[in-house]
Structure formats: C-alpha cells, structure tokens
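Engineer: Show me the folded form of this:
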Amino acid sequence: MALDLAQYLPLHGQSLESFCAPVIDEQRIAATALELMVSRYFAYVRKNPVFLLNTVHPAGRAADDEKNLRTWLTDCQWKDLEVLGFAGGQETDREGLVEFRAAYTERGESKVHHEVSRFIRGANGQWYYLEGRGGRLPRKPAKRGPIRNPLKAKAKA
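Structural biologist: Residues are numbered from 1 along each chain as shown. The predicted structure is shown next:
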C-alpha cells in the first residue's frame, strides 16, 4: 500500500511536483532522503538529466551517463509514483532507504519500476542517490544505528 506523502513531507497544500520544483531547480537541497527520491521522480517527469546526475553520489557516476540518460528520457513518459515505505533518511540521519514503484511507458510499452533506493548524506548536507535494488524494505526497520542494506545481506545468504 502506498504511503500518503502529505503525512511525511511539509507540502503546505502544494502538489508534490510544486513542492519538489525548488529542489530540482537547485534553489534548495532536499531535507530528507524521501524528499530527494520524490524530487528525482519529478526530474524524470520533467526530463532533467542534469539534476538526476547531480544527485547521484559521485562514486556511482560514469563518464557516459548523461548521454545515455538523455536518450532514455526521450523514450519514456512517467505516469505514477507510489512510495511504499522508507527507513532512516531523516534530517539527522546519514543514510536512508526508500521503497517505491513508478509506472511509465517506454516507446509505447507500459512498465513498472519497483526499487529500494539507498541514499547517503554528503559532508555538504546534500542527500545523494547511492544505489537501487529490487526487493522490499524490512517489515520493521531499525530506528537506531546505521541502516544496513537488507538486499545485500539476502544476496550473501
């Protein structure tokens, strides 16, 4: 079941897209991993590869990412976002996980992307997308301590 994001983001009556616009336009940084994840979704909707690449952790960027992303964005139309859960990623955390499903069409074919995204806060206070994996968040994520990626632990088992 999707979360009601108005309970977790200070929308103040704005639409999600309007709320995220100042983050995408780099007028302010996302306060939480959830806010960055939702802003990244709307950057896909707006076909903004610069924001998408600037919010990927530097360790995860490749030299040809912008060209490949621009091509892919041309082929896709984003339709819907469902945030299914999150763990950590608050203003005082260093890491966070967000589980979501995003519906889109690519060259006319309907698709759904389901991911648990891992975010890390940089020394500058900015949140960055670190990696994404299939799967689900743990049912009752730990409230204290560093977040461990549950998907890596499963892969080792």
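
Engineer: Three-state assignment for the closest residue to residue 30 other than its chain neighbours, please.
Structural biologist: Nearest residue to residue 30 in three dimensions, chain neighbours excluded: residue 36, at 3.8 Å (Cβ to Cβ, 6 or more residues apart in numbering). Placement of C-beta: from N, CA and C, glycine included. Taken by DSSP: H, G, I helix; E, B strand; the rest coil, the conformation at residue 36 corresponds to helix.

Engineer: so residue 128 makes contact with residue 119?
Structural biologist: Yes. Residue 128 is within contact range of residue 119, at 6.5 Å (criterion: Cβ atoms under 8 Å).

Engineer: Need the residues touching each of those two.
Structural biologist: residue 36 (Cβ atoms under 8 Å, 6 or more residues apart in numbering).

Engineer: Counting neighbours, what do you get for the residue nearest to residue 30?
Structural biologist: By other Cβ atoms under 10 Å, the residues close to residue 36 number 26.

Engineer: Any regions of this structure where pLDDT drops low?
Structural biologist: Where the chain drops to pLDDT under 70, the residues are 63-64, 139-157.

Engineer: Please enumerate the strands of it.
Structural biologist: With DSSP state E as the criterion, the chain has strands at 76-88, 95-106, 109-121, 127-133.

Engineer: Give me the most central residue, the protein.
Structural biologist: residue 37 (2.5 Å; Cα atoms, centre = their mean).

Engineer: right, and that residue touches residue 99 too?
Structural biologist: No. With contact taken as Cβ under 8 Å, residue 37 and residue 99 are classed as non-touching, separated by 9.5 Å.

Engineer: Pull up the overlap in contacts between these two.
Structural biologist: Common neighbours of residue 37 and residue 99 (Cβ under 8 Å, 6+ apart) are 83, 86, 117.

Engineer: The first one bridge partners, please.
Structural biologist: For residue 83, the beta-bridge assignment (DSSP bridges) gives partners residue 100.

Engineer: That one: neighbour count?
Structural biologist: Residue 83: 21 neighbours (other Cβ under 10 Å).

Engineer: give me every residue that touches it.
Structural biologist: Taking Cβ under 8 Å, 6+ apart as the test, what residue 83 contacts is 2, 3, 5, 34, 37, 38, 98, 99, 100.

Engineer: Residue 25: which of the strands of the chain is closest?
Structural biologist: Nearest to residue 25 among the strands of the chain is strand 127-133; the distance by Cβ to Cβ comes to 16.2 Å.
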